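Participant: Next one to model:
(chains A and B)
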Amino acid sequence: MWRVGLVFGAVACFLSLAGLVEALHARWVVDGWVSAGQVLLGGLLLGAGAVSARRTATPGARRLAAGVVAGATTGAALGLLVWLSRHVDLRSMFVNASPTLLQLLSAGRAPEEAWLGWVLLGSALGGVGAGVTAAPPRLVGPLATGLGTAVGLGLFQELVLLVLQPEGLTPVRDWLFVAGGGPTPHGAAAAFALAAAAASAWQAVRARPGRVGVLPPRAARAVWVGVGLVALLALPLAGGPFVAQVLVIVGLYTLMGLGLNLEVGLAGLLDLGFVAFFAIGAYTVGLLTSVGEHGIAHWSFWAAVPVAVLVSLIAGVVLGIPVLGIRGDYLAIATLGFGEIVRLLVLSDALRPWLGGSQGVLAIPKPAILGFELAGPQHLYYLTVVASAVVAFVAWRLQESRLGRAWMAIREDEDVAEALGINLVSVKLLAYGLGAAFAGVGGAIFAVMVGSVFPHSFQLLISIQVLALIIVGGMGSIPGVLVGSLVLIGLPELLREFGEFRFLVYGVALVAMMLLRPEGLLPAAAQRRELHALEEEREAAVAAPAAAAPEGGR
Amino acid sequence: MAAGVARRVNFVDAFLWAFRLVVVAVVVWGTVGTLRLGRYTGEQWVDFVIFGLAQGGIYALIALGYTMVYGILRMINFAHGEVFMSGAYTAYFVAAPLAASGFLNRHPILSLLLLVGVAAAVSLGVAVLVERVAYRPLRRAPRLVPLITAIGASFFLQYAFRGLYGSGFKAYPEFELFKGEWQVLGVGILRTQAVVLVSAAVLMFSLYQFVMRTKVGKAMRAVSEDKDAAALMGIDVDRIIVLTFAIGGAAAGAAGILYALVFKQVHFFMGFVPGIKAFTSAVLGGIGNIPGAMLGGLFLGVVESVGPALFLDGLGIPAPYQLKDVIAFTMLVMVLIFRPQGILGERLAAKRA
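Facilitator: Residues are numbered from 1 along each chain as shown, chains lettered A, B, ... in the order given. Modelled structure (predicted):
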């Protein structure tokens, strides 16, 4: 019990000292009442209670007690932080132990009082957390949805405000938000109530025995896809250039994700130098179209794109040949090495006359269709959507093809696949080449979006982000790539002050996904079966003897 | 059918041979060119080698962690570079007040030991924590899974320390005692480098003795040989794994202080490149092989320090030192492709290949 509390307490202190709590404190969830930072801390106290109660075998009062103790311990850890900060100069070591944070944590009280307050608050919230685990899901689900929506309204207020910008919607905006501040109390309450009611109604519909949809499943699916398409096309128009810009970036990562998905998700080849192909696509377009110093051809964008894709494809194959015989983690490191070599060479003075060194290639013109220039992010957005759609279609057909099944076979077991007559050399090279070609499309659009390419845009970080998004979305799943890039790339772009913590969150996401949900948010069917096969076997193995000897099971 | 396979294999082989020949040609051509130019004196070459050895000693200490963990779990602890960073970065907050109060220069040896102790302790803690949270629950998962958590852990640690300590460079205080040169056998050696070399040698020697002579070391070797058999012999495998992470972490922490002595600054991203290079050293020496890692580290350090001047200067490449890391990464890729069992290759690598 208290150990769970200690872990949660350590996490709470870490998040406070790392600056996340303070950054979130700047966002009101209910203006003048509750900030997102306070929600985070409260959530940790609740979580401590809930986890601790879950781990207690006997239900009832024991569980409640476990929750209270865990919450109190977490609170005590935060209190200790307050107390320490009064007596030791924490800021000389932890840059984020600012007066604002301490004001937030101590609520302006004396350290001892604050400590007591934290322990009491922790006990109360820990108890509530424990209570939640005992409550029926019928109740908890809608409540959680409601709370989540209310918090989301506060966190993404900028986006909501952008959508509510048109004249006709001003009354709604003024009712929901304090001018220049967060959601109003009644706005937050309305969001909570609406979402909770909707979730509750949805639950009731789903729980009805012998449920029949309003529409036959295929038609329902078509409706959903239609709604999604309209939203996809209308969003940048409603949200303006900022939202469009964010979505273009999401689209570029989707393109890279689709490429890496062929390598990692389908063929099981973990490539950490993937950004090199994005860079090659971008540099090819840059060099071919630039009207600046390093431009060599002054081609149009449309002529340069096929070349960029071809060059990336060839680069993928060429870099793939040497690593054909390398497996697993060695492959990851070798490709990482290649990626870094490409970046360092481009950055070096040795290649400066051709590639522009650290300044890169400048003055890349925007693409134009029949004299109409695709200049702003809103125009480029549609370009990105079309490119992503084409690439996704190709990826989908590849996945369903003989080649796709060959990739999955070598992912499962190279030796068996080879014994079954799959030509490892050509199949692997196709994975590298096609994956690289997809990234090359992304690079080409990136070049015209920024208008210049330079080596600092192509850090290892990008490869890791792409890896993270396909892991979060679900390895080997094409819709998963889109979901992953929306969640990992889109959301942090919208939460700007949150920006410096996004990489922290990526790290956590990678570890947590592997621990809790290795198949990703929107898994491909095969992957899910594979990853849970072991558990199912184990459960079956445990269940069999337990059924035979009930008193022996634990 | 068989002929077709053979032909394709030959095509790949030919490509790899061409790759090898190009690298050898660049090295030979560059070396001949440099020696003909005669731009560097013999003394400068000696300086390069000594600097390379000092740096290689640091790589070797980090490489121990990679190699020991690999020996036991058959996985690359991708976060090991960050373990190295965490110790050095945290110890800065001990070093700075020590320097400000003047204690650092009044008792330099004591201070150095203290700093190494702090850094080793922090790195040890971080290494054990990473093992507990990110690796232990996944020990039976498919191979790709722990590798991905390792990448995640590495990323998390970088940005966690960035969040805690800030994103800027921190200038490590300098020891007055270690400024200037010592004359050894008529050759001037920078004192810092001498200190680093000697400390690294002492640490490596004691670690080696620990692994070879003590009971725990024997248990570690047994676990890396065969986990199940070791468990049958009454060895607590989980405990040994934690110990391995702990010892590797402590060595990396100590290496962090030596790194700070040479480069005089720390920041949150400092672990990445040394981490990759240390991994290269571990593979060079034959992963899982402790003396191999030491040898690999020293070798890589020297090649990297001599390389730009020796191979690249002669080719007329401007600013060859920008390409120092390219040499290291090329070595990494070459070793992984052509000799994954390393210089002192042995059974472990053979099992993988």
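
Participant: tell me which residues in stretch B:273-280 are buried?
Facilitator: Across stretch B:273-280, burial judged by 16 or more other Cβ atoms under 10 Å in any protein chain shown covers B:274, B:275, B:276, B:277, B:278, B:279, B:280. The way it works is simple: take the backbone N, C-alpha and C, and place the C-beta from them, glycine included.

Participant: ok, and which of those residues reach chain A?
Facilitator: B:276, B:279 (Cβ under 8 Å from any Cβ of the partner chain).

Participant: ranges for the strands of chain B?
Facilitator: Along chain B, counting by DSSP state E, strands occupy B:170-171, B:181-184, B:187-190, B:265-266.

Participant: The stretch 251-400 of chain A too?
Facilitator: A:368-369, A:372-373 (DSSP state E, counting those that start in this stretch).

Participant: Could you dump these into TSV with mean pLDDT added?
Facilitator: Shown next, in TSV, are the strands of the stretch 251-400 of chain A (pLDDT from 0 to 100):
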stretch	mean pLDDT
strand A:368-369	80
strand A:372-373	78
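
Participant: winner for burial among these?
Facilitator: Of all the strands of the stretch 251-400 of chain A, strand A:368-369 carries the top mean neighbour count, a mean of 12, counting by mean count of other Cβ atoms under 10 Å in any protein chain shown.

Participant: ok, the residue nearest the centre of chain A - contacts?
Facilitator: Residue closest to the average C-alpha location in chain A (Cα atoms, centre = their mean): residue A:488, at 2.3 Å. Applying Cβ atoms under 8 Å, 6 or more residues apart in numbering or on different chains to residue A:488 gives the contacts A:253, A:465, A:468, A:469, A:472, A:502, A:506, A:509.

Participant: Not counting residues beside it along the chain, what's closest to it?
Facilitator: Leaving out its chain neighbours, the residue that sits closest to residue A:488 by Cβ to Cβ, 6 or more residues apart in numbering or on different chains is residue A:469, at 4.6 Å.

Participant: what about the one you found, which SS state?
Facilitator: At residue A:469, secondary structure determined by DSSP: H, G, I helix; E, B strand; the rest coil is helix.

Participant: if we can go back for a sec, need the strands of chain B in TSV with mean neighbour count and mean pLDDT, can you?
Facilitator: Output for those, formatted as TSV (neighbours: other Cβ atoms under 10 Å in any protein chain shown; pLDDT from 0 to 100):
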stretch	mean neighbour count	mean pLDDT
strand B:170-171	16	86
strand B:181-184	11	77
strand B:187-190	16	78
strand B:265-266	20	89
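
Participant: Please identify which of the ones you listed is closest to chain A.
Facilitator: Closest to chain A of the strands of chain B is strand B:170-171 (Cβ to the nearest Cβ; 10.8 Å).

Participant: what's the distance between that closest one and the middle of its chain?
Facilitator: 22 Å (Cα atoms, centre = their mean, to the nearest Å).

Participant: Taking the stretch 101-250 of chain A, what residue is nearest to chain B?
Facilitator: Counting by Cβ to the nearest Cβ, the stretch 101-250 of chain A gets nearest chain B through residue A:101, at 12.3 Å.

Participant: nearest residue to that residue other than its sequence neighbours?
Facilitator: Residue A:101 sits nearest to residue A:22 (Cβ to Cβ, 6+ apart), 4.6 Å away.

Participant: Next up, the contacts around that neighbour.
Facilitator: A:16, A:37, A:96, A:98, A:100, A:101, A:104.

Participant: what does residue B:48 give?
Facilitator: B:40, B:302, B:305, B:306, B:309.

Participant: which two from these end up farthest apart in space?
Facilitator: Farthest pair in the contacts of residue B:48 (Cβ to Cβ) is B:40 and B:302. Separation: 15.0 Å.

Participant: Adding neighbour count and distance to residue A:374, write the contacts of residue A:22 out as CSV.
Facilitator: Formatted as CSV, the contacts of residue A:22 follow (neighbours: other Cβ atoms under 10 Å in any protein chain shown; distance: Cβ to Cβ, whole Å):
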residue, neighbour count, distance to residue A:374
A:16, 26, 45
A:37, 23, 41
A:96, 21, 42
A:98, 14, 44
A:100, 14, 44
A:101, 24, 45
A:104, 19, 46
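
Participant: ok, of the residues you listed, which one's closest to chain B?
Facilitator: Of the contacts of residue A:22, the one sitting nearest to chain B (Cβ to the nearest Cβ) turns out to be residue A:96, at 6.6 Å.

Participant: Three-state assignment for that closest one, please.
Facilitator: Under three-state DSSP, residue A:96 comes out as coil.

Participant: Quick check: it touching residue A:13?
Facilitator: No. The criterion here is Cβ atoms under 8 Å, and residue A:96 misses it with residue A:13 at 11.7 Å.
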